[in-house]
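Enquirer: coords please:
(one chain, ligands or ions: 2)
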Amino acid sequence: IFSGPISFLKSAPQLQHLPDAEVPEIAFAGRSNVGKSSLINALTGRKALARASNTPGRTQELNFFDVGDPLLFRIVDMPGYGYAKAPVQTVKKWRYLINDYLRGRTVLKRVFVLIDSRHGIKDVDKEILNMLDAAATSYRIVLTKTDKIKASELEKVVAETQVALAKRAAAYPEMSVTSAEKKGGIDELRSAVLEAVYI
Ligand code: GTP
Ligand code: MG
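Expert: Numbering: from 1, shown residues only. Ligands and ions are numbered 1, 2, ... in the order given. I've put the predicted structure just below:
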């Protein structure tokens, strides 16, 4: 499926611009700069399908990608949350957009919540996880940038995150451990995405 046709459909700066809810959707959410766009590129095996950048706040809208022809499902690249330097109004706008989409989208099958493996789950992440638990929106944690830490540190953050997940209502019990840079965990992530689409 991921070696077949995948194309950018549209950007939605506001909820009224969402595409019709016609196929299952899988969304990638997480803090600004955590690696959402890069992971979508690794997942789909394309260099620049989603726009990644060193500058936090790169993705500012909900970006929809069509997978399959005929269309099978959509991948959604989301703006990051917790970007302190963005103007207050912009942060507010993003928060509404992200929260409304994540709470109310009927075709949303699972949210992949990305967590930087160097930092683990922080307060800004907890905020969104709490929201997803409250809305009963299924999500799966994905640790990112694992090429940046030592194996022993990774082991520790995996264990800690696992414990934190056990208490969360809408969390998928297993998580993904990835490096977009070194293509680590990408095959497993592909399986996790397909599993979420076809449940
Ligand atoms: P926003 O759109 O601003 O919310 O960011 P994002 O979450 O989409 O992050 P993006 O994919 O743009 O990546 C941010 C930075 O992290 C870029 O400089 C990437 O090259 C880098 N990056 C992403 N994934 C990895 C990874 O697995 N390993 C390493 N070393 N760097 C990564
Ligand atoms: Mg992005």
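
Enquirer: residue contacts, the closest residue to residue 62 other than its chain neighbours?
Expert: Leaving aside its sequence neighbours, residue 62 sits nearest to residue 12 (C-beta to C-beta, 6 or more residues apart in numbering; 4.3 Å). All C-beta atoms are positioned from the backbone trio N, CA, C, and that covers glycine. Residue 12 makes contacts with 18, 19, 61, 62, 63, 64, 97, as judged by C-beta atoms under 8 Å, 6 or more residues apart in numbering.

Enquirer: Within the sheet, what are the partner strands of the longest strand anywhere in the chain, with directions?
Expert: In the chain, with assignment by DSSP state E, the single longest strand is strand 108-116. When pairing is defined by DSSP bridges, strand 108-116 lines up against strand 25-30 (parallel), strand 139-144 (parallel).

Enquirer: Name the next helix or strand following the last one along the chain.
Expert: Tracing the chain C-terminally past strand 139-144 and defining elements by DSSP states H and E, one meets helix 151-166 next.

Enquirer: And ligand 1, is that following helix touching that?
Expert: No: remark: helix 151-166 sits outside contact range of ligand 1, by C-beta under 6 Å from any ligand atom, the gap being at least 12.4 Å.

Enquirer: Now the nearest residue to residue 192 once chain neighbours are set aside. Its backbone dihedrals?
Expert: Excluding its sequence neighbours, the residue lying closest to residue 192 (C-beta to C-beta, 6+ apart) is residue 176, at 5.7 Å. Dihedral pair for residue 176: phi -110, psi 150, per degrees, to the nearest 10.
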